[in-house]
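Novice: just the structure for this:
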Amino acid sequence: MLLSPLQAQDLHITLLNGDCDGDNEVTLFDFGIVVNAFGSTPDDPNWDPRADLDGDLEVTLFDYGIVVRNFGAVGAEPFDPALPRQPAPEEGYAISGVVDLEAWLGQPQMVRIEALREDAPNQIVYWMEAIAGEPFVMRLPQSGSWTIHVAGVLHFLSSQGYSQMAYEPGTPIRLVLVEPANGDQFTDGRASGSIEIAVYVEDYDNVIYRSADRTMELRNRERELPSSFRAEWSIHPQNAGNLQGMSFVTSDGKLMAYYSPRTLAPGEQEPCPVTIRCTVHDENPDVSRRDPPQELDFTIYLVSHSTIGSISIRSITSGGEAVSSAITSGWREADRIQLQVSMNLRVAANWHLKETTCTTPWGSGTSLPYTTVTISTDEEHRRFTYSVEAVFGWTGPPTNPPVPERRDRKARTRILAFDKLRRDEWASTERGISGGVYDPSNWFDDRPGHWGNVIPRFNERGTGGVGWYYVVNFAPRPFGSVPNALAVFDWAGVFAPPGHQYEQEYRGKVYIFEHPTVTLYTDANPVRSQYGVLAGGIDRVANAVTHELAHRDLWLQAYNWAGFSEIEIGGPGYWFPANAPWDADGDSVADFYEQLHSGDFHFSPNSPYAVERWWTGNPNASEQTDIEMHARLWGEWPGYTVGSLDTQDWSAGGRQDY
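Specialist: Predicted structure coming up:
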């Protein structure tokens, strides 16, 4: 579909049905699948979910009719797979509409929408995933003529949930009060402006992934997307003022509200309590994922005298230049920072500010803004507390007895973090592109709080011809032969430094790439791998590391290749063992090992796609060879639990950084 700026609204796209085997055509093979499963339900031995084209959990004449109606139809060709792909931006030129699935009655299904501007000098395919039948808005970086391609995410429609995936509520919704603190006091309606409120929302659901024959079950967690939540706000007593609250969660997981307090009556008892309630509802389209509503109550107190309104903190260089909202520093002189604390006031008539005291872990002072000493790069990453105390004096008419001073103290917490890509805290090239030729980004360092220290097996060491080496290494961008990869397992040493290819020291290494792993797939832009969970940020990096180490583990198994020795590699003239007599089907898994573990992993020396065909139940699947399918399932699922690393993620923008 070719769109111009005037034709980008209210699109209604219907994806045709009937392609049971996932080859993008409705053919006799699809007829065969429906006929073989005709009359079956999920409890029958001939049940095949691919044949249930309308999702009603029964293969009937309605499913047969869909194939007849669309027989011979061929789907649109996808965009060139070699083109770089990037999640659609959050701002820009918008196209909107809805994608429907023809004759579909089952559970909600995901579709993938891709857009390409063919006249752009640097062609990038922008994409998003949407739920069929639900309105979508896709934003693109500029206007112009775009070609839009829409396809199903999965091999086939499944009334049992896509890719045999099922969900259930996990831990309850977590609500954290960010601003203000419970018990804070504020000047009432005598002061101008509103009081900002921020509540952080987080929820993880359990996800269960089963093989088509139900013989294998894998479990993990997925984080709810912010779009699944709706908030209701209320104040008590109801006449305490006006509260305007945002209903939907922002991409960083926060709900915002603004409270304008009433003015206390003369002689009214103060401090006067006001309770604010935030109720969050889980409205995930998949009803099985929904948690019960969760409430957060907190109380603030209204007073008639002046108070602190809010306090803030930022990082600056020694020259006074603001660095960013994140509190991070680096080892270079130009990247070292100090903290600067400031405040604003809620001012009531006849009150003036007499004195202030600011307290931080890096010093205290009596003037605002207050600037700390330079923070050492050896400081432990953590959440820290800073506070400001203010004393106010009465300037109105004299009274008997005199009006006493009023004190107000507000304390907040922030994260002392590391910057993933800049302001490096540790200048070490030890593991950059096989070591010594590139300084890895800061997130890669093996220091407490850094991703290189908290992801399981990230710092594993192997042995080679010259002693130990880091297994997981860094590269700033994918190598030429793997342009779209997040990571790669280089068993033979192909990506060693020039002049060292295939040498034993460089065999069996894993390379993690900065741009796709860290820059694209953030917590605000998570992505689901084909046979994995939805993940972004530190979870996506852990996913990539675990996946590639699953490849390595398989290759080091006894009776597979048993290591990276000369007989298996041998140099440029002979370096890949995927041929006879070791590997008849060419799937990079040795025949003997496949025979030994055919019952455990469903390998077959006669089919390079045996694992995928067993898992999906599609006898014609041919996308993932056995070695890659093994890494996707046994690497991405049992290797780590999504969200388990959050409490250790001390990076700027990490999930603790709310």
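
Novice: can you give me the mean pLDDT across the helix ranked longest in the chain?
Specialist: Of all the elements of type helix in the chain, the one with the most residues (DSSP state H) is helix 537-556. Throughout helix 537-556, pLDDT has a mean value of 92.

Novice: how about stretch 514-534?
Specialist: For stretch 514-534, the mean per-residue pLDDT is 85.

Novice: mind saving the C-alpha coords of it as CSV?
Specialist: The C-alpha coordinates for stretch 514-534 follow below in CSV (Å, rounded to 0.1, in the frame of the first residue of the first chain):
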residue,chain,number,x,y,z
GLU,A,514,25.9,-1.8,20.7
HIS,A,515,23.4,-0.2,18.3
PRO,A,516,20.7,-2.9,18.0
THR,A,517,21.0,-4.2,21.5
VAL,A,518,21.3,-1.1,23.6
THR,A,519,20.2,1.8,21.5
LEU,A,520,17.2,0.4,19.7
TYR,A,521,15.7,-2.1,22.1
THR,A,522,15.2,0.1,25.2
ASP,A,523,12.6,-0.4,27.9
ALA,A,524,10.4,2.0,26.0
ASN,A,525,10.9,0.0,22.8
PRO,A,526,10.8,-3.7,23.7
VAL,A,527,10.8,-6.3,21.0
ARG,A,528,9.7,-9.9,20.9
SER,A,529,12.1,-12.4,19.2
GLN,A,530,10.5,-15.0,17.1
TYR,A,531,10.5,-17.7,19.8
GLY,A,532,11.1,-15.5,22.8
VAL,A,533,9.6,-13.1,25.3
LEU,A,534,9.0,-9.3,24.9
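
Novice: begin at 272 from here
Specialist: With the count now opening at 272, the last piece we talked about shows up as stretch 785-805.

Novice: could you measure from C543 over to N889?
Specialist: Noted for C543: a distance of 66 Å to N889, by C-beta to C-beta, to the nearest Å. For glycine as for every other residue, the C-beta is placed from the backbone atoms N, C-alpha and C.

Novice: give me the more crowded residue out of the two.
Specialist: Applying other C-beta atoms under 10 Å to C543 and N889 shows that N889 carries more neighbours, namely 22 against 19.

Novice: what's the helix or strand for H420?
Specialist: Assignment of secondary structure by DSSP states H and E places H420 within strand 417-423.

Novice: now do the helices in the stretch 722-871 of the chain.
Specialist: Listed from the start of the chain, the stretch 722-871 of the chain has helices (DSSP state H, counting those that start in this stretch) covering 722-725, 785, 808-827, 862-867, 869-872.

Novice: just checking, what packs against the strand holding H420?
Specialist: When contacts are defined as 3 or more C-beta pairs under 8 Å, 6 or more residues apart in numbering; DSSP states H and E, strand 417-423 sits against strand 273-274, strand 282-286, strand 364-372, strand 381-387.

Novice: lowest average pLDDT across the ones you listed?
Specialist: The stretch with the lowest mean pLDDT among the helices and strands packed on strand 417-423 is strand 273-274, which comes in at a mean of 67.

Novice: OK, contacts around P727?
Specialist: Residues in contact with P727, defined by C-beta atoms under 8 Å, 6 or more residues apart in numbering, are A813, T817, G910, Y911.

Novice: biggest separation within those, which pair?
Specialist: A813 and G910 (7.6 Å; C-beta to C-beta).

Novice: which residues of the chain score low on pLDDT?
Specialist: Judged by pLDDT under 70, the chain has its weakly predicted residues at 272-280, 425-434, 735-738, 833-852.

Novice: L376 belongs to a helix, doesn't it?
Specialist: No. Residue state for L376 (DSSP: H, G, I helix; E, B strand; the rest coil) corresponds to coil; a helix is not indicated.

Novice: residues near it, how many?
Specialist: 13.

Novice: now the strand holding H420: buried residues?
Specialist: For strand 417-423, a neighbour-count test (16 or more other C-beta atoms under 10 Å) marks W417, I419, H420, V421, G423 as buried.

Novice: can you list contacts of that strand?
Specialist: The set of residues external to strand 417-423 that reach it, using C-beta under 8 Å, 6+ apart, is 272-274, 279, 282, 284, 286, 346-347, 349-350, 366, 370, 372, 380-389, 411.
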